[in-house]
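Trainee: using only what follows, build the 3D model:
(2 chains)
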Amino acid sequence: MTAVKALSDILVAYIKSDVIFTAIVDCCTPDAEDTDASDRDDAWEHYVQLLVTLPQRVANRLEINTPKAFSHENFAYYLIFHVIRAIDFMSQSSFQESTQYKIKGLSHFVSKIITNFYMGGDSPVIASFVDILSAWTETSEQNRYVKRKLIQTLLKHLSRQAIEYLSIMLLKQCPIHYKADQQIIYNVIGDNFDTNNDWKEILSFKIPFYVKPKDYKDTTIQENLLYYLSYTKNSEGNMNELILKLATVWADVRLINTSNLMEHIYISQLLILAVRYRVTMSLWSKSVWKTSELKNILLRGMGKHLDVLSPEFRCVGTATIEIILKIMAELETDKKPELKFQYDDMGDSCKQIYQNLKDLSHRCLIDHRRKGPDNYAPRQINLKLSLDYIASRFAKDENCRAHNTIVSCAVKGPEQTKEIVKTIISVKLDALDGKQENLDSDDDLVPYDMSNDISVSVKKHPKYLRDVLEIIVEASDAELFECSVEVAEEVVTKQLRDEDPKVVTEILDVFVHLEPKYHIDDFDNVKFKTCVAIVCQRPEVAAPHLCREIHTDIGRYSIATKMLMLDVLCEAVNRISGVYSHKKLIPLKTEDIICEPQKDLSPEEIIRRRLINKTRYFHTKKPHPFSKAKRNMFAAVADNIFYPLVGGFGYNQLTLSQHNLKQDVDNILLLKYLAVVGNVVLATKNCPKVTTYCWEVVKIVLYMRYTPEPTIQTSVMSLLASVILVVPSSILKVEFFDVMMELRSWLIDCLKNVDLTMRLGGPKSESAIFAGQVLALLEKNLGDIE
Amino acid sequence: MALLPPDPVYTIRNVDNVPVYSLAFSFLPGGLERLLAGSKNGYVYAYNLQTNRVQQKIQVGQAPILHLIHTNNHLITQEKGGKFKVFSLTNSGYEEDALIDNDYPGFCRFDANTKLETLYVPDKDSKIHIYNFSGEKVGSLDPDASLKLGDPMCLKYVEFPCDQPCLLAGYEAGWLLLWDLNTSQCISKLKTAECPMSVDFHLEQQRGMIGNASNVIQIFSIGRKDLSLAHKMDITIKNPGINKVQSRSDGKVFASGGWDSHIRIFSWFSLRPLVVLTEHKQAIQDVVYSTEKVSFWNAKIMAAGGLDGAITLWDLYNNKQ
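Mentor: A predicted model of the protein is given here:
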């Protein structure tokens, strides 16, 4: 580290020595014949690159220990100091000794300085450099013409980016003398507009259209720019082109760009001033200026301006057109009535804008009637002061400290000191007393992983399905029984998939008939959930078994058990087919990559991690269209559920029908059964075999439709409704047409006595109303013309 | 990621896997470092901490040894059923000096003032008797009869600065009383959440903790000036039931051993749990810290014993340079 620091000190000494100055002069001296010019240029470019990036390089190594000389500003001052000396030296030697120089090398150097230390136009270094350049072209010294030429050549060879930065600063900073005939700006830039394409493009396009002014009242840029353009070779042509372009942009009012009032005023100012210059030029040269196209554009633009809501914007439009037409009237011989808008009613800001634009029209620097602002004094550039300042910055030792600290000490006697120490200690003790509990910041004891701290009951949980089964069957220990029942659902979901079918039926039987031998909270719910989980995991085994149980002889199981079985089947069907709406997936929070200071990491890795941590990502995660789609899990097992459920009905209908009357007085089992069948049918939607299933169901409907019980009738209707909902209407219209027509007439029959039943109320009227609804559904699905 | 829970530096299987009820370190002159384990069968097994092998079997009685205290030249044991025995260390071994038999049926561990050679022995009817090492009763602490305290559950002898010896006593009804031993008067009391099982107090921290049958360890403080008891906060743990709480003498950490077979270590500073040790298979009966460095481990170690007949030795949170 010390070595690096020493190196940096050597570098400072190097920068402050005359080496750079001599290098510049040497580089600009024309070659001797034997050296290869391109080699030299390459070497120079490499050297310049190293030089201007030196602060960053040093800072990268030394970080917070970087010497102040390598601060951005200081370093720029050092480099500029050398450049200024080189320019001065070369102009002097060329004036005195008529030495020839090649300025390209210096230009390259200056370009690099400007692009590296421009700081968005805020750099005081570049500003004073620009001041010095402009002041040099106006000195009273004898060599001023040489200097002018040298500066112009220097500017000519700048890189495009440097031109862009520098030209704006030049236009902004060159003072305007309204009384003088020549303005400084032309002396500085010279004929670069005609000889260098970069300059031309930047001055005629970039600056008019891409500069974003901060304050419209400062019009130095506009005035300097148009003055300079009026001095170019093909000035009239250039001016015409610019005016047309400006007018097009000015007239192109859309709602989007109305918010940029400042920019619009800037364009308007340029337009007015350009027209003013152009008119003055044609008055001088007595040439004709064809203005018809311009007028067309302007008048079209005026109409658009008047539509804008913002009063300021409208005012800019009217003022511009009024002033321009007034200026152009000078070219015409016959007097026409002037266009005049009223600005009195508009706000103060509008009046100011109008006044500003109006004043600007008199500031044509080539017009003898020109009028500067009131109380105008051109900005004076003090060349000597600027040069002195740069030199003083160069000479200053950055590391010397200002010795202005006052060291004071109060002398206390031993008694006083004791008192003071006592007070301090007691205050601290008091503070500790009260706060000790809250101070938990620097506990140096590192905690271990606590995941092994599990509650005792969790420890006892059986982990395997067969253990669960055994514990529940044995039911010897209350605590074990309780936790086994509680974990059963989870274990089933995890482990049942690979179990033997026998185990599946066994565990299903156990849970369906499980009795709460010990008290368990919410027992019925837990039991139900576990049964559903079993059926969901192995529907191909569990569902037929369950259906067989449902259809067993009367008296074997209670109605409540059978109801539970039906409920389980129904819930499982719903779950497998995914009837429930998908829960919104909570996006997992990606864990921040923790950047721990690990010593063995490579610097690239550290940078990469920092970049990842500091980067903000602007994009929305869009799920793939299929990401919400789910495989139709039900289709695969539909046969296993549907046929045992419906098929058992045919052979073992005893269990449900009138033979069961003694048990099932209110038909609740039948109703439940029909509801479950309906549910299963609904779940088969999108299954390939849906029509086959529906035929079976239609058979039930046909068989049961004449039941006298209105509640059963309603169930049958809902079964029909589910068929209508599930079968695609195209198939319904073709394959099911006859049956559906028959059922339609049945529904209409049901509706016939609707008036009568309505008066009676009760289940009958409900079934009639429902019949109407199903009928409407049927008609809709049958009648739809694709 | 946090560090994985540590392993014990050594696990001693008690002779015949007899459940361990109490533990005590003994540092005898001449560098003999031993760990005494009071067991269910009435034996005290002395393990040599150099070899971790049993070195001596002392038959004390028939009942489980509930508590052990080893001073420089005495061993005091407490058997379940209220037999307290004082052994003096002689050249030929431990010789029984005195027997105190008060038929106390509870689990409350006695405590002792080793300097004055006094024992504080719990008895029925909320009484605590004071004996000297010769077995002579020198006093007793009788609480106000109107307070229905129940039997003593835990004792802790505390010597405050300025020569003020005190005894903390927890009672069945949940009361924690601070007795001034100079005057035999109760000077402060605190109602705690539940029947306390074990109490400990650290003088420098000015704080103590109570383990009870619930899943909460209660932290209390004793005021510096007026020695008033005050409840500070509760630390909730996962499983209920604490058999023993013990503070380390440097006041950095304290440990608890519970019915759930877990040993927990907490930071005195932040009162956060630092680690949960799950080495034991059954309830922990006793957790003790060595008062001096054990030369084999070159550290003050912690020993824990439980009903599973294992004694684990731990070397945790000792800053090793």
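Trainee: then stretch B:270-278 to PDB, C-alphas only?
Mentor: As requested, the backbone C-alpha atoms of stretch B:270-278 are provided in PDB (Å, rounded to 0.1, in the frame of the first residue of the first chain):
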ATOM      1  CA  SER B 270     -30.300 -10.300  25.300                       C
ATOM      2  CA  LEU B 271     -32.300 -13.100  27.000                       C
ATOM      3  CA  ARG B 272     -32.500 -14.800  23.700                       C
ATOM      4  CA  PRO B 273     -32.200 -18.600  23.400                       C
ATOM      5  CA  LEU B 274     -28.800 -19.400  21.900                       C
ATOM      6  CA  VAL B 275     -28.900 -23.100  21.400                       C
ATOM      7  CA  VAL B 276     -31.100 -26.100  22.100                       C
ATOM      8  CA  LEU B 277     -29.300 -29.300  22.900                       C
ATOM      9  CA  THR B 278     -31.200 -32.500  22.100                       C
END
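Trainee: contacts only, for the residue found closest to A:L365 once you drop the neighbours it is linked to in the chain.
Mentor: Excluding its sequence neighbours, the residue lying closest to A:L365 (C-beta to C-beta, 6 or more residues apart in numbering or on different chains) is A:Y227, at 4.6 Å. To be clear about C-beta, it is placed using only N, CA and C from the backbone, and glycine gets the same treatment. By C-beta atoms under 8 Å, 6 or more residues apart in numbering or on different chains, the contact list for A:Y227 reads A:I176, A:Q183, A:I185, A:Y186, A:Y277, A:L365, A:I366.
Trainee: tell me the one of those residues nearest chain B?
Mentor: Here the nearest of those to chain B, counting by C-beta to the nearest C-beta, is A:I185; it sits at 67.8 Å.
Trainee: re the thing from before, which of the contacts of A:Y227 sits closest to A:A776?
Mentor: Lowest distance from A:A776 to the contacts of A:Y227 (C-beta to C-beta) belongs to A:Y277, with 80.9 Å.
Trainee: which element, helix or strand, includes the closest one?
Mentor: Following DSSP states H and E, one finds A:Y277 within helix A:261-285.
Trainee: could you point out which element follows that helix?
Mentor: Once the chain leaves helix A:261-285, the next helix or strand it forms, by DSSP H and E, is helix A:292-307.
Trainee: what's the angle between that following helix and helix A:261-285?
Mentor: Regarding helix A:292-307 and helix A:261-285, their directions subtend 150 degrees when assessed with axes from the mean of the first three to the mean of the last three C-alpha atoms, to 10 degrees.
Trainee: hang on, the earlier thing: got CSV for the contacts of A:Y227, with pLDDT and neighbour count too?
Mentor: Formatted as CSV, the contacts of A:Y227 follow (pLDDT from 0 to 100; neighbours: other C-beta atoms under 10 Å in any protein chain shown):
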residue, pLDDT, neighbour count
A:I176, 87, 19
A:Q183, 86, 21
A:I185, 89, 25
A:Y186, 88, 20
A:Y277, 90, 24
A:L365, 85, 25
A:I366, 85, 17
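Trainee: and these, which of them are in helices?
Mentor: Members of these lying in helices (criterion: DSSP state H): A:I185, A:Y186, A:Y277.
Trainee: got a list of what residue 62 touches?
Mentor: Picked chain A for this. A:L62 makes contact with A:V4, A:K5, A:S8, according to C-beta under 8 Å, 6+ apart.
Trainee: correction: the question concerned chain B.
Mentor: So B:Q62 contacts B:N41, B:G42, B:E79 (C-beta under 8 Å, 6+ apart).
Trainee: between those, which is nearest chain A?
Mentor: When the contacts of B:Q62 are ranked by distance to chain A (C-beta to the nearest C-beta), B:N41 comes first, at 26.9 Å.
Trainee: three-state assignment of the closest one?
Mentor: Secondary structure of B:N41, reduced to three states by DSSP: H, G, I helix; E, B strand; the rest coil: coil.
Trainee: can you tell me the closest non-neighbouring residue to it?
Mentor: Sequence neighbours aside, B:V18 is the residue nearest to B:N41 in space, at 5.1 Å (criterion: C-beta to C-beta, 6+ apart).
Trainee: please report how far that neighbour lies from B:Q285.
Mentor: Using C-beta to C-beta, to the nearest Å, one obtains 12 Å as the distance from B:V18 to B:Q285.
Trainee: JSON lines for the contacts of A:Y227, including distance to A:D39?
Mentor: JSON lines is the format used below for these (distance: C-beta to C-beta, whole Å):
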{"residue": "A:I176", "distance to A:D39": "46"}
{"residue": "A:Q183", "distance to A:D39": "42"}
{"residue": "A:I185", "distance to A:D39": "38"}
{"residue": "A:Y186", "distance to A:D39": "38"}
{"residue": "A:Y277", "distance to A:D39": "48"}
{"residue": "A:L365", "distance to A:D39": "47"}
{"residue": "A:I366", "distance to A:D39": "48"}
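Trainee: among the residues you listed, which one lies nearest to A:T711?
Mentor: Taking C-beta to C-beta as the measure, A:T711 sits nearest to A:Y277 out of these, at 97.0 Å.
Trainee: residues near B:Y289, how many?
Mentor: Neighbourhood size, B:Y289 [other C-beta atoms under 10 Å in any protein chain shown]: 18.
Trainee: get me the contact residues on chain B for chain A.
Mentor: Residues of chain B lying close to chain A by C-beta under 8 Å from any C-beta of the partner chain are B:1-6, B:224, B:232-233, B:238-239, B:252-253, B:260, B:262, B:264, B:267, B:269-276, B:278, B:317.
Trainee: tell me the buried residues in stretch A:239-259?
Mentor: By neighbour count, with 16 or more other C-beta atoms under 10 Å in any protein chain shown as the criterion, the buried positions of stretch A:239-259 are A:M239, A:N240, A:L242, A:I243, A:K245, A:L246, A:A247, A:V249, A:W250, A:A251, A:V253, A:T258.
Trainee: fine by me, thanks again.
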